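Engineer: sequence and predicted structure below; questions after.
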Number of protein chains: 2
Amino acid sequence: MNITRLAITLFLLSFFSLTCFAKNEENPRLILTIDDAAIIRSGLNESPTFMASFSHLKRKVDATMAAPIDVPIPLHAGGGYTHEQHKRNNNTIYEAGLLYQLTSDRKYFDHARALLLAYADLYPTLGEHPNKKEQSPGRLFWQSLNEAVWLVYSIQGYDAILSSLSDQDRERIEEGLLRPMTNFLSKESPQTFNKIHNHGTWAVAAVGMTGYVLNDLEMVEQSLMGLDKSGDFGFLKQIDKLFSPDGYYTEGPYYQRYALMPFVLFARAIENNEPERKIFEHRNGLLLKAIYATVQLSYNKLFFPINDAIKDKSIETTELVNGISIAYGLTNDPALLDIATLQGRVSISGDGYRLAKGIDDGLIQPFPYRSMHFKDGENGDQGALTIFRSGLEHDHQALVLKNTSQGLGHGHFDRLNWLYFDNGEEIVSDYGAARFLNIESKYGGHYLPENNLYAKQTIAHNTLVVDQQSQYLGKWRLGQKYAPEIVFVEQKASHEATSAIVDSAYDGVVMQRTMALVSHPSLSKSLVLDLLKVSSDSDHQYDLPIHFQGHITNVVADLEASVESRSPLGKANGYQFLWKEAKATPNKKLPQVTWINSGRFYTASFAHSNFSSSENGEMLFTRIGANDPDFNLRSEQAVIQRVSARDHTFLSILETHGEYNPILEYTNESASNVASLVLIEKRSADVVLVELKNGKNIAIAIGKSGAGNHKITVANQSFSWSGWVGVFDY
Amino acid sequence: MNITRLAITLFLLSFFSLTCFAKNEENPRLILTIDDAAIIRSGLNESPTFMASFSHLKRKVDATMAAPIDVPIPLHAGGGYTHEQHKRNNNTIYEAGLLYQLTSDRKYFDHARALLLAYADLYPTLGEHPNKKEQSPGRLFWQSLNEAVWLVYSIQGYDAILSSLSDQDRERIEEGLLRPMTNFLSKESPQTFNKIHNHGTWAVAAVGMTGYVLNDLEMVEQSLMGLDKSGDFGFLKQIDKLFSPDGYYTEGPYYQRYALMPFVLFARAIENNEPERKIFEHRNGLLLKAIYATVQLSYNKLFFPINDAIKDKSIETTELVNGISIAYGLTNDPALLDIATLQGRVSISGDGYRLAKGIDDGLIQPFPYRSMHFKDGENGDQGALTIFRSGLEHDHQALVLKNTSQGLGHGHFDRLNWLYFDNGEEIVSDYGAARFLNIESKYGGHYLPENNLYAKQTIAHNTLVVDQQSQYLGKWRLGQKYAPEIVFVEQKASHEATSAIVDSAYDGVVMQRTMALVSHPSLSKSLVLDLLKVSSDSDHQYDLPIHFQGHITNVVADLEASVESRSPLGKANGYQFLWKEAKATPNKKLPQVTWINSGRFYTASFAHSNFSSSENGEMLFTRIGANDPDFNLRSEQAVIQRVSARDHTFLSILETHGEYNPILEYTNESASNVASLVLIEKRSADVVLVELKNGKNIAIAIGKSGAGNHKITVANQSFSWSGWVGVFDY
């Protein structure tokens, strides 16, 4: 193997000497290439769409350049002044460089050059950042990650002005800044550079892109293959390991979007400099799949907020603007123009120009958001993130099932969690991350302590909590060892359904959750079916929360509220942050909770049997806010089904119904249409009977063994179906 | 006087006999006239804008007509099935009538006729509604108000099909429905018909419009002049009494929007039938002023939510769609086209057609939202609602000062209250009404008990609460007797300011509040200055709340949170609904609270002296939710300054600053720029000194006596200004 590697390395080295050195003076060469720059310069006035993004950039850079250059001594943490100023400067270096290429206006050259020289003077004087982060501290920034990001931008600016720089300037910048910084990010930070993690990707992208510009083959090679050039680390390994075969990034959509940036930028640079590597074909076109996956992992522009996710992050993000431009440059897929239109800007590059021309030429096609089953894990065998969508419009229903693996250190303890979106809104929600990014007064912009203490804990999610403990005892390295087993996933005209089993989250407890989006002609919106079965060899307290967004309009159950005083629901594992607002005991009527969100109603109906056990079960209404002396958490509600039992089944239906129209002042169907909800357990299948008030009754049968043909008799009626799930009138 | 009235009446009667009877068969004649219908029929294809609204209407009515006619026996309260179905039917009668006029398609005639005949059969059989409201019950509906609204629509439908009806049908509808209903709404309900109140306006409009269609002069006359035709009641008196000379409706914008509908519809019908009355010129063009005022009383489309207001009510409301069309028909003001464009639809009438043509022809001009001082009260001497705006864009700053009178039974106990809007959002908020309109599970769609118990109470607002009691002991009839005294209102380049005094809200307590929107070249956004002085002859507890919308990012003060248990802030007058979340004691630093809302930061800075008194003052952080067992209230926060004192001054500044940009991932100026805030009281003026961290210092001087020339010396610096307020660098 080592001999093979050596051979490959020697081959690559010889190859480099033929290609890269020959192109010595052909800059820019990274993302915006010398040829594309010429095309854009001559065609700038021919594309209104590109011109809009270009003019916006020009106004921004011109405004920035009106102020004196400010390269401060590093001092502040994320969100603080020096942190933000260094970020602004890398943008300016990059953007002034682009403008110099596209306008030939010397003032942009001068400004980018002056900034780079200032950094070349500053950088050698720096030690570790005075407010360094615990792990991997930086020099300009509190963490080396920001330094890598800085370089990914700045090297593009340097690339853009390089051909006009004097040898003396080049030497100053390369020796004072680029080489020390790449050394710092690679050799001097092997724990990051060789990490199979998005921080590692930023580092190898920064160093590899710099390598192309400096014609330093060693740098490029180490970026691609790891510091020891073995291929065990580095960019190619990261492509192999960090995404599933479906293009899903194990940390989830928020980090997928972030991680995507260095992947696609570095890959574009590789493609431009060494097309022979066919980097975009690597692993069956993995990087393109990952770009498309990132778009599919969103609803109404916002990424699904699973794991550590800041919830306002959308497909308009700069990372995906780059990703979409690059994907279009490679594929000419007109559906990408739809996303670019939503983004409202294009990247300033050859790809961005081609994309803009596509929009100008009216080639746009609707982006096909659709149901997806993203297998997780390097080999696609670590569970899955499954998305069911009903409808195509902006306000379509989307059900997200989080049957993925842990997702590393940013993962939450929420196996078998689900989210539900409708009408453009998040209806059954995930807290996301507890963090105020870049807001210094909020714990310096770091993840708040409440991120570990609350947001990651199982109770913060819509999945089963056993004995008020989090899955895997809240230890991610333990959770990382296990993944859910996907029992089935199925899409038919009447339903989309999936089922997964977890037997490792709690000692001696096995849970299987089957969820489906079920449509029926008598209902205008699909129903969400949730059937969760838990079994154990001993008694446990089972808590099953639904975190809902909206205002409660009705509770069917005997409600007993804590009106004069309030106390936390528990002591630890996230429970300490929940005020107990009320408890509700089911009465003879079907237990229900209805809430309104943006003019539409949602009713969760719970089978009576959910609450029958050795002790009587109950519903608990909670609100976040206890033990939060600094107002770090959002005040959000949940309803928790609680029961003590050994083996237990939770069955519920979420209905989407009615309309409250404040403009035309009418209200339709504000009350649920579900009259009763019963589970019939048969040997070969579970049958859920949903009786509707409109006189229609729906039976949903879920086979227990495989996707073959099923036939059972329930309530004197015979149901037969093939596949896992059958939906019937009865 | 009686002789004059008699003469007028006789004159009018003679007039009628000349005009109305002559036009006997010329229907429709109310809003859509026979001439306009002909114009629209021939020009329908020439206006894409009108066609859009017309097609939308046609699709809606066609869909409705696909189902069988459903005229149920009245049963349900507001929001319930029969309530909503009767509302749908009045829309269908009206709309099918319009479509018959515009398409000549007999199916619309048949449908409207069938509905009217069904009502003619049903109506005589009805007694009082089985779920009648306490006051003024109806027959078809729980309250007679809904019945009047029903008739305002349905009579237009009848008007539209009248000319094609057989004599027999006319007789059945008039004798079975129209005459019994108008009798019920007028003679049989004198307490409503003669009420100077929006319920009365709907009643007189319904009866008066029906009078025109039936050629019943008595009906029209009673509608205009009151049941006794004295002129002491009726429509003209309502125009005289219910609006201030500036066109402000005393109940506030929410009810102004609602009240406007019968005013403008009936007025349009009067104009079409008796242009000689010059109804739109009545009281110096009052009705047009009122339409414009309604638009000015909004921010980002939503009406300012003072008094009993449902907060999602916007200028897109049907009432204002009619209002804007009618105003355009009278004025051709191109700025109204801007509002119509926001509304996205036009009324189906001649006015609506002319408006649509204006849009088609590109005549649109921006609507001039601007600072306004709306005097309240019939004579303009009952206080004022003052709006200061800074900027013209969608995200402009707007400060609303509620120095109005009580506003009748829907008024809140919130003299000297303020609201603040910025960036398209409500930043310092008003709870509005506690009500879920038309949602039956929420107290039948009525105002919730919490509307009186919480939403109307003083503590629910941003104004001074004395001894935890509400203004005027929470009695609106008492409050109705008094209005604030407006000391001044002033608009200059550097500031807009107003000051008002209330001495009647609490026994022996006089308060004066001066608020200003102050701009300064060193600040990108204007500051809100708040100077509230209270004096009394005895000690009181003074609570001054700010209800803020957003998430707290920083509190400068020693914060002590109720983390393990929580209890209500008080026992009564709204305090029982507030959980005490934390208290904060000022330390040596300037006391501040910063919050973030939609990517922008807001900091309230409080002068240290606000907290100095016999006892030390404190800040209390509250959240709504105590004693709310049915989840009727929204969970919203406030910070309350509390001090015990005899005479006291509260000085604060609200700053708008910075940006959190989640797309481009940067944060600017998340911290306040105010370093210190001090009040210097001089004999002739108060001087507020605001020291900024950017090195600029601003002095705001407020003269105590009149708008003349002022000169004072503070901190060795001499300030001179003319007018009430001067703004200086110092």
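Structural biologist: On my side now, so go ahead.
Engineer: only C-alpha atoms from now on, for both contacts and neighbour counts.
Structural biologist: Fine.
Engineer: tell me the contacts of the closest residue to residue A:380 other than its chain neighbours?
Structural biologist: Nearest residue to residue A:380 in three dimensions, chain neighbours excluded: residue A:244, at 5.4 Å (CA to CA, 6 or more residues apart in numbering or on different chains). Residue A:244 sits next to A:250, A:374-380 when contact means CA atoms under 8 Å, 6 or more residues apart in numbering or on different chains.
Engineer: so of those, which ones are in helices?
Structural biologist: Using DSSP state H, no member of those falls in helices.
Engineer: from those residues, which is closest to chain B?
Structural biologist: residue A:250 (22.3 Å; CA to the nearest CA).
Engineer: which of the contacts of residue A:244 are buried?
Structural biologist: Buried subset of these (neighbour count, 16 or more other CA atoms under 10 Å in any protein chain shown): A:250, A:374-378, A:380.
Engineer: can you tell me the closest non-neighbouring residue to the closest residue to chain B within the stretch 201-350 of chain A?
Structural biologist: Relative to chain B, the nearest point of the stretch 201-350 of chain A is residue A:317 (4.7 Å; CA to the nearest CA). Spatial nearest neighbour of residue A:317, excluding adjacent residues (CA to CA, 6+ apart): residue B:663 at 4.7 Å.
Engineer: for residue A:397, same thing?
Structural biologist: Spatial nearest neighbour of residue A:397, excluding adjacent residues (CA to CA, 6+ apart): residue A:422 at 4.5 Å.
Engineer: okay, and the beta partners of that neighbour?
Structural biologist: residue A:425 (DSSP bridges).
Engineer: show the pLDDT at it.
Structural biologist: On pLDDT, residue A:422 comes in at 98.
Engineer: my reading is that residue A:31 is in a strand; is that accurate?
Structural biologist: No. Residue A:31 is assigned coil when assessed by DSSP: H, G, I helix; E, B strand; the rest coil, not a strand.
Engineer: residue A:490 and residue A:724 touch, don't they?
Structural biologist: Yes. The pair formed by residue A:490 and residue A:724 meets the contact definition of CA atoms under 8 Å, at 7.3 Å.
Engineer: so these two - more neighbours on which side?
Structural biologist: With neighbours defined as other CA atoms under 10 Å in any protein chain shown, residue A:490 and residue A:724 compare such that residue A:724 has more, 24 against 15.
Engineer: quick check: the more buried one vs residue A:491, distance?
Structural biologist: Here the criterion is CA to CA, to the nearest Å. By it, residue A:724 lies 10 Å from residue A:491.
Engineer: got the residues of the stretch 351-500 of chain A near chain B?
Structural biologist: Within the stretch 351-500 of chain A, the positions lying close to chain B (CA under 8 Å from any CA of the partner chain) are A:438-442.
Engineer: for residue A:152, phi and psi?
Structural biologist: phi -60, psi -40 (degrees, to the nearest 10).
Engineer: apart from its chain neighbours, what residue comes closest to residue A:231?
Structural biologist: Leaving aside its chain neighbours, residue A:231 sits nearest to residue A:225 (4.0 Å; criterion: CA to CA, 6+ apart).
Engineer: how about the helices in the stretch 351-500 of chain A?
Structural biologist: For the stretch 351-500 of chain A, the helices defined by DSSP state H, counting those that start in this stretch cover A:449-450, A:476-479.
Engineer: try the stretch 201-350 of chain A
Structural biologist: Using DSSP H, counting those that start in this stretch, helices in the stretch 201-350 of chain A cover A:217-225, A:235-242, A:253-273, A:282-296, A:318-331, A:335-343, A:350-360.
Engineer: identify the residues contacting the longest one?
Structural biologist: Contacts with helix A:253-273, where a contact means CA under 8 Å, 6+ apart, come from A:20, A:29-31, A:33, A:152, A:198, A:201-202, A:205-206, A:208-209, A:212, A:248-250, A:277-280, A:287, A:290-291, A:294, A:297-298, A:303-306, A:308-310, A:313, A:319-320, A:322-323, A:326.
Engineer: switch the helices of the stretch 201-350 of chain A over to JSON lines; also include mean pLDDT and mean neighbour count.
Structural biologist: As requested, these are exported to JSON lines (pLDDT from 0 to 100; neighbours: other CA atoms under 10 Å in any protein chain shown):
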{"stretch": "helix A:217-225", "mean pLDDT": "96", "mean neighbour count": "24"}
{"stretch": "helix A:235-242", "mean pLDDT": "94", "mean neighbour count": "22"}
{"stretch": "helix A:253-273", "mean pLDDT": "95", "mean neighbour count": "23"}
{"stretch": "helix A:282-296", "mean pLDDT": "97", "mean neighbour count": "20"}
{"stretch": "helix A:318-331", "mean pLDDT": "96", "mean neighbour count": "23"}
{"stretch": "helix A:335-343", "mean pLDDT": "97", "mean neighbour count": "20"}
{"stretch": "helix A:350-360", "mean pLDDT": "97", "mean neighbour count": "23"}
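Engineer: mind checking which of those is nearest residue A:418?
Structural biologist: Proximity to residue A:418, assessed across these by CA to CA, is greatest for helix A:253-273 (14.7 Å).
Engineer: just the angle between that closest one and helix A:282-296, please?
Structural biologist: Angle of helix A:253-273 versus helix A:282-296, following axes from the mean of the first three to the mean of the last three CA atoms, to 10 degrees, is 140 degrees.
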